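Novice: Sharing a model that was predicted from the sequence below.
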Amino acid sequence: ECIVRQSTGDRLLVNPQRAVETASVLAARTTAAFFPAYVLIGLLFLAALMDSAISGGALRAALQITGDLVLILVQFAVPVLVALLLYSSYRRAGREEMISDAAERARSVLFSWHVLHRVLPVFAFVVFLASFVHFKMRIPELGGFEWDDAFHEMDKVLFGGQTAFELLAPVYEFPLLVSVLDKMYSLWIPGIFAFWCWVAYDARLPMALRQQYLVATVATWTLGGIVLATVFGSVGPCFFGDIHAGQPDPFAGLVDKLRAINDSYPLVALPVQQGLLDAFRHPGVDVVGGISAMPSMHNAQAAIFVLTALRLNRWLVLGTTLFGGVIVSGSIILGWHYAVDSLAGLVIALVVWHASGFLLKRFQPAG
């Protein structure tokens with residue numbers, strides 16, 4: 001048994017040796033279940049490595065920047081993890097034994113072979129994101145940006161002759177609201193990393209769901225964010241005037257409104273957009289950027305959050321749905337995406353999610 005009962009009372013303590021053995025088995029099972037996702041990430045990285053060797057690119061810089069970003073996120077996560085460990089030890093062993101129990105459990109993880117299984121999900125996330133950024137930066141050379149006019153016209157058809165930006169024009173009369181939306185929108189990358197780690201490490205979640213989440217995320221980003229983004233290359237409203245400089249800019253008013261709001265309430269979106277534009281204009285092996293609007297991976301990932309939550313509980317469904325609403329509205333109000341980008345992202349996420357579930361259940365059943 002992993003749990004033993006003290007002879008002096010009813011308090012439950014961990015049998016350290018048995019706990020390590022059990023944790024090792026669970027970690028190995030998790031790695032085996034995540035193997036399909038790791039294979040997809042490995043293939044994507046191999047393709048990025050080969051493309052970088054043949055045609056050049058910023059894969060090395062992307063790995064460096066992605067690794068640095070994840071290290072920053074991990075630094076924020078460590079105090080939370082320590083607090084959770086102490087709380088768990090308090091519940092498990094009581095106040096007197098809390099510190100020693102927590103130290104023993106931490107030692108059993110850090111100094112046992114299965115720590116490699118613990119590191120794998122974070123390492124896979126770094127490799128996956130860096131490979132994605134590499135190919136995103138290659139879109140101008142591989143496919144170009146020829147679809148902005150078409151997507152702009154599609155938006156007008158959807159909204160009766162107006163663009164989504166024009167339809168939402170009253171929102172810009174509330175600069176503080178736009179600023180709050182901007183800050184919430186900027187939580188997307190930390191949110192993805194936190195959700196990824198939660199699914200990868202929380203053994204209480206159904207293994208099949210954890211497996212499906214990772215596979216669907218990698219497949220959606222690969223199909224939508226690389227393949228379709230290259231075929232249907234577009235820059236989005238915020239970059240329209242800069243990249244299609246020879247054409248009238250239908251989104252000049254949107255950019256002006258955002259700049260005016262930025263004077264009173266500094267926005268995260270504007271310096272990020274400027275950085276991406278600078279990287280586009282001055283590409284190099286040490287410069288990381290990547291501009292792509294169709295389909296929206298922001299909205300696709302938000303949809304995958306909701307689809308995962310639907311298999312768990314209604315409160316998580318509510319939270320992920322609200323977050324998805326912020327992402328959809330923010331992507332339009334902040335000029336990142338056309339409305340059709342959002343719709344395409346949602347559709348791709350749904351298709352890939354259900355296809356992943358079907359294939360995993362048929363060929364790779366998870367325990």
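Specialist: The structure has been received and is ready for your questions. Residues are numbered from 1 along each chain as shown.

Novice: neighbours of the residue nearest to Leu176 when sequence neighbours are not counted, just the number please.
Specialist: In space, and not counting its chain neighbours, Leu176 is closest to Tyr265: 6.2 Å by Cβ to Cβ, 6 or more residues apart in numbering. All C-beta atoms are positioned from the backbone trio N, CA, C, and that covers glycine. Other residues lying near Tyr265 total 14 when counted by other Cβ atoms under 10 Å.

Novice: contacting residues for Tyr265?
Specialist: Residues near Tyr265 by Cβ atoms under 8 Å, 6 or more residues apart in numbering: Pro175, Leu176, Val178, Ser179.

Novice: low pLDDT regions in the stretch 101-250 of the chain?
Specialist: Counting by pLDDT under 70, the stretch 101-250 of the chain shows low-confidence ranges at 105, 107-117.

Novice: average model confidence for the helix of greatest length in the chain?
Specialist: If you go by DSSP state H, the chain has its longest helix at helix 59-93. Averaging pLDDT along helix 59-93 yields 74.

Novice: I'd like to know which elements it is packed against.
Specialist: Applying 3 or more Cβ pairs under 8 Å, 6 or more residues apart in numbering; DSSP states H and E, one finds that helix 59-93 contacts strand 12-14, helix 35-55, helix 98-110, helix 115-137, helix 188-201.

Novice: Pull out the buried positions in it.
Specialist: Neighbour-count burial for helix 59-93, with 16 or more other Cβ atoms under 10 Å as criterion, is recorded at 59, 61-63, 65-67, 69-70, 73, 77, 85, 89, 92-93.

Novice: which one of those residues is nearest Gln273?
Specialist: Comparing the buried residues of helix 59-93 against Gln273 with Cβ to Cβ places Ile65 closest, at 17.3 Å.

Novice: Was I right to think the closest one contacts Val288?
Specialist: Yes: under the criterion of Cβ atoms under 8 Å, Ile65 makes contact with Val288 at 5.1 Å.

Novice: what do the two both touch?
Specialist: Applying Cβ under 8 Å, 6+ apart, one finds that Ile65 and Val288 are jointly contacted by Val133.

Novice: highest average neighbour count across the helices and strands packed on helix 59-93?
Specialist: When these are scored by mean count of other Cβ atoms under 10 Å, the highest mean neighbour count falls to helix 115-137 (a mean of 21).

Novice: Tabulate the CA atom coordinates of that helix in CSV.
Specialist: Provided in CSV are the C-alpha atoms of helix 115-137 (Å, rounded to 0.1, in the frame of the first residue of the first chain):
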residue,chain,number,x,y,z
VAL,A,115,11.4,12.8,-13.4
LEU,A,116,12.3,12.4,-17.1
HIS,A,117,8.6,11.7,-17.8
ARG,A,118,7.7,14.8,-15.8
VAL,A,119,9.9,17.0,-18.0
LEU,A,120,8.8,15.6,-21.3
PRO,A,121,5.5,17.6,-21.6
VAL,A,122,7.3,20.9,-21.0
PHE,A,123,10.1,20.0,-23.4
ALA,A,124,7.6,18.9,-26.0
PHE,A,125,5.8,22.2,-25.6
VAL,A,126,9.0,24.2,-26.2
VAL,A,127,9.9,22.1,-29.3
PHE,A,128,6.3,22.3,-30.7
LEU,A,129,5.9,26.1,-30.3
ALA,A,130,9.4,26.8,-31.7
SER,A,131,8.7,24.6,-34.8
PHE,A,132,5.3,26.3,-35.3
VAL,A,133,7.0,29.8,-35.1
HIS,A,134,9.6,28.7,-37.6
PHE,A,135,7.0,27.7,-40.2
LYS,A,136,4.9,30.8,-39.4
MET,A,137,7.8,33.0,-40.3
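
Novice: now for it, which elements pack on it?
Specialist: So helix 115-137, by 3+ Cβ pairs under 8 Å, 6+ apart, packs with helix 16-33, helix 35-55, helix 59-93, helix 188-201.

Novice: Next SSE downstream of that helix?
Specialist: Elements were assigned by DSSP states H and E; along the chain past helix 115-137, the next helix or strand is helix 139-142.

Novice: residues of that next one that come out buried?
Specialist: Here helix 139-142 shows Ile139, Pro140 as buried, counting by 16+ other Cβ under 10 Å.
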